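[1] give me coordinates for this.
(2 chains)
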Protein chains: 2
Amino acid sequence: MLTYNFAKAQGPLYEYIYQCIKEDILDGNLRQGEKLPSKRTFAKNNGISTITIQNAYDQLISEGYIYTIPQKGYYVAKLEGMKKVQRESSLSLNINIPEKRHSYATDLSDNKMNPELFPFSIWAKVLRSIISDKSGELMEASPAGGIRELRAAIAEHLKSFRGMLVDPDQIVIGAGTEYLYGLLVQLLGNERQYCVENPGYRKIVQVYRQYHISCKYADMDEMGMTFEGLSATGADIAHISPNHHFPTGITMSAGRRYEILAWANEREGRYIIEDDYDSEFRLNGRPIPTLFSMDACEKVIYMNTFSKSLTPTIRISYMVLPVHLINRFYRELSFYACTVSNFEQYTLAAFIRQGYFEKHINRMRLYYSRQRKKMFEAIRKSKLNEVCEIIENDSGLHFLIRIRTEKPDGEILHALSGKGIRVNALSEYFFTPSGTKHCFIINYSNADIEKAGEAFDVFYEVLD
Amino acid sequence: MLTYNFAKAQGPLYEYIYQCIKEDILDGNLRQGEKLPSKRTFAKNNGISTITIQNAYDQLISEGYIYTIPQKGYYVAKLEGMKKVQRESSLSLNINIPEKRHSYATDLSDNKMNPELFPFSIWAKVLRSIISDKSGELMEASPAGGIRELRAAIAEHLKSFRGMLVDPDQIVIGAGTEYLYGLLVQLLGNERQYCVENPGYRKIVQVYRQYHISCKYADMDEMGMTFEGLSATGADIAHISPNHHFPTGITMSAGRRYEILAWANEREGRYIIEDDYDSEFRLNGRPIPTLFSMDACEKVIYMNTFSKSLTPTIRISYMVLPVHLINRFYRELSFYACTVSNFEQYTLAAFIRQGYFEKHINRMRLYYSRQRKKMFEAIRKSKLNEVCEIIENDSGLHFLIRIRTEKPDGEILHALSGKGIRVNALSEYFFTPSGTKHCFIINYSNADIEKAGEAFDVFYEVLD
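    From the prediction side, this is the model:
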């Protein structure tokens, strides 16, 4: 007969009894096929109600520890695998989460936006009005490509801001460009050859690698990815940033654009992925027209993100697909739910439509252009100016400096790091050995100009 | 000499001039190498300012249509590829976005939540307080696995609600389970054999197929996926829903759990993905303990989502990885940014921590248990009751009915559809030919009970 010390019971009594019996089964005190006392006997012997025993037995049945034969009683079930998975002596929870990036006194490699510039109160206001006005829509599943209102707002923005004529239905919204890269691989196939710019943005290559694609690298000249470099790779897909290349800042020339478009047209299945990650921050003149707009043959996939223009902590990016590819997307990939929450899709749509996005961009552009000027000034006033040439093209959130020195880049970076200054060299962004040296990337989006000025003096000193 | 009709100019004059020259280049009126007029001459001849011409030329230079040789002048650039990508006669925008699902008068296949149950005003309240209290944190990049506060809240929830002891650092947050399945494939490898339950949830197989995995299928008996079925597939990874299988509603028995765990322990690299998609809605008794809790050998990956328990339009799911896998995640995949926005991560964390989630679940559980009872009642009162047996196990948002009939499932569904009633047959969820027939799935989460009652009468009528 089962007897348990009911004085120990905490919480509902049936749970305690369930636990006790379960442990007896797991410990082997109750063996396979053994009959349990009837509910009435068990209840009577312990002075508790039959319903409590019933509840405990029901739980054990629903978990499969015991079974019942009608008119006969309750029996311990077969638990064959159990012995093979007995608990090992406690596993240690030795989890190694990467440390936050070491923080430097002056970090010129930081290309984050200044969080104070995010239009918090306006965003909150729009969000509040969405919550009160759209409670129905917020609960309705988003189409796979994203909420229509957001796609329409983006199409409108692309028209007025980038001169692009795009049907809202060509747009696919996703939680970040990395996610969209993955969707593109699924759409275009991972048996294809992908080619990226050399130097370039390492994360693109990392994402492709996850899909078992080993990227080819095409060299760049001052007009962008070279046609010869691209052709030589044998690639089908060219992933490029023609409007403001990272990290060189190069804008692809019109001639080169036509060459690359012609390359794509040469063969069926060739595509260009145009990554337009920071086009909002061209500081002077008209924005550079996109490859997508120049393309008449459905060869260009356009991508952009709100990470740079709003904040990376709201995960919204989008791509514009040529008609035949958006049709393929809806045929093959629309079983995926859109990865962005309705709340943020509707908020962003209203934020754009009500003109706040444009105002915000203009404000940011002004801020960044001032930051940029101050940074130039800081360099000119510093000792580094003697040996330093600024390479820039009026765009983006960074520029390059070329230093006249014999000291290897690695030694310079190491010495700077020792002085609490972090900066990246252009040479770090090459995927293949390269002769490029003595070029460094200066990010100013979130920089403390005064500290940067001091850092440029130190920069000069470590060159010796 | 270039002469343009300035009367036509709209917007800034420099833009108009830029457009005119660009079109002349594209049309071949200005040819490669041709010299453009000097700024001064051009300006003087047209009675406009030199600075306007300067701006137009600058834009053309930055886009690479012209180039300048210092001291000599401006020349038209080489645009070799251009002829090859001339615009074709307008492409038609023939985009086929799948229609919204055909709507039925009575849809018993609809397993969505009732949107009116979403605790809108509380969610909005929490969101507002997050916006005002956390403006700093909202702008800081989330760790790859998700915001620590949300992971801690989920760990706490799993402890009190599922009896699971989990370190917050074992949790990975993502924008939906489909996204997390993709991450898992990247973590475990797509060269492995994956096995799913037969019958089962078709979307899992679709996602795996995108990663070039063709799933194996293991049959189920009334205790869940069979050990023999699983072993025979030669799979390494078993993707199962042991706590409430869709669509059968089966709960895997303790004995079978130990068998499947023992299977995983037999060989290095074997894993079980435990998909616990609706465990919150067990209507009676204690929740069934998870496989994850029974596993002492780091073989079980636990997954859950807030799609069922809150709303699918907030895209938040999570997985709990065994220690060695979470370490691999941080080593290999933490370059990916978390796909859920900070705004929603912090809101959900506070929503859980402040007890609203638990209250909401309890309220939903009560609502669903009433809906369930009403649905049973509707069946009992209907003509269908004569030929119908209800198969259920006190859990989830659906149950099965088995009909005594000779009529093939396809004919029944077709006839019902003709009468404006949509329902799914269990046989539709088999991946391989199966003898199962005459079982139908009744979803009640969002059902109109009165209409459902009428539908059951019609159901009976179409059996003839």
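[2] look at whatever residue of the stretch 51-200 of chain A ends up closest to chain B and give its secondary structure.
    Among residues of the stretch 51-200 of chain A, the one nearest chain B by C-beta to the nearest C-beta turns out to be residue A:64. It sits 2.5 Å away. For glycine as for every other residue, the C-beta is placed from the backbone atoms N, C-alpha and C. Following DSSP: H, G, I helix; E, B strand; the rest coil, we place residue A:64 in the coil state.
[3] that one contacts residue B:250, doesn't it?
    No - with contact defined as C-beta atoms under 8 Å, residue A:64 does not reach residue B:250; the gap is 10.5 Å.
[4] which residues do these two both contact?
    When C-beta atoms under 8 Å, 6 or more residues apart in numbering or on different chains defines a contact, the residues bordering residue A:64 and residue B:250 alike are residue B:223.
[5] picking that back up, what's the local residue count around the residue of the stretch 51-200 of chain A closest to chain B?
    Taking other C-beta atoms under 10 Å in any protein chain shown as the neighbour definition, residue A:64 ends up with a count of 21.
[6] OK, contacts around the closest residue to it other than its chain neighbours?
    Distances taken as C-beta to C-beta, 6 or more residues apart in numbering or on different chains place residue B:253 nearest to residue A:64, at 2.5 Å, with adjacent residues excluded. Counting by C-beta under 8 Å, 6+ apart, residue B:253 makes contact with A:63-64, A:77, B:223-224.
[7] could you redo the last one with a cut-off of 10 Å?
    Contacts of residue B:253 were listed using C-beta atoms under 10 Å, 6 or more residues apart in numbering or on different chains, and they are A:61-65, A:67, A:77-79, B:221-224, B:242, B:259.
[8] now, those residues that are in helices?
    A:61-62, B:259 (DSSP state H).
[9] from residue B:302, how far off is the closest residue to chain B within the stretch 251-400 of chain A?
    Nearest to chain B, among the residues of the stretch 251-400 of chain A, is residue A:253, at 2.4 Å (C-beta to the nearest C-beta). Plainly put, residue A:253 is 53 Å away from residue B:302 if you go by C-beta to C-beta, to the nearest Å.
[10] pLDDT at the residue of the stretch 251-400 of chain A closest to chain B, what is it?
    The predicted local confidence for residue A:253 comes out at a pLDDT of 92.
[11] ditto for residue A:390
    Note on residue A:390: pLDDT of 94.
[12] A helix includes it, no?
    No - under three-state DSSP, residue A:390 sits outside any helix and is assigned strand.
[13] look up which residues are beta-bridged to it.
    According to DSSP bridges, the residues that bridge with residue A:390 are residue A:401.
[14] tally of neighbours for it?
    Residue A:390, neighbours per other C-beta under 10 Å, totals 14.
[15] and for the one 5 residues further on?
    The burial count assigned to residue A:395 is 26, neighbours taken as other C-beta under 10 Å.
[16] for it, give its distance to residue A:420.
    Distance from residue A:395 to residue A:420, by C-beta to C-beta: 29 Å.
[17] what do you get for residue A:430?
    Counting by C-beta to C-beta, the gap from residue A:430 to residue A:420 is 26 Å.
[18] sketch out the low-pLDDT regions of the stretch 1-150 of chain A for me.
    Low-confidence segments of the stretch 1-150 of chain A, defined by pLDDT under 70, are located at A:1, A:83-92, A:100-101.
[19] partners of the residue lying closest to residue A:104 once chain neighbours are set aside in the sheet?
    Once its chain neighbours are removed from consideration, residue A:104 has its nearest residue in residue A:422; the separation is 4.1 Å (C-beta to C-beta, 6+ apart). Here residue A:422 sits in beta bridges with residue A:107, going by DSSP bridges.
[20] now do the contacts for residue A:422.
    Listed by C-beta under 10 Å, 6+ apart, the contact set of residue A:422 reads A:101-110, A:413, A:416, A:455.
[21] any idea how far residue A:77 is from it?
    With distances taken as C-beta to C-beta, residue A:422 is found 62 Å from residue A:77.
[22] you'd agree the residue of the stretch 51-200 of chain A closest to chain B is up against residue B:260?
    No - using C-beta atoms under 10 Å, residue A:64 is not in contact with residue B:260; the gap is 12.0 Å.
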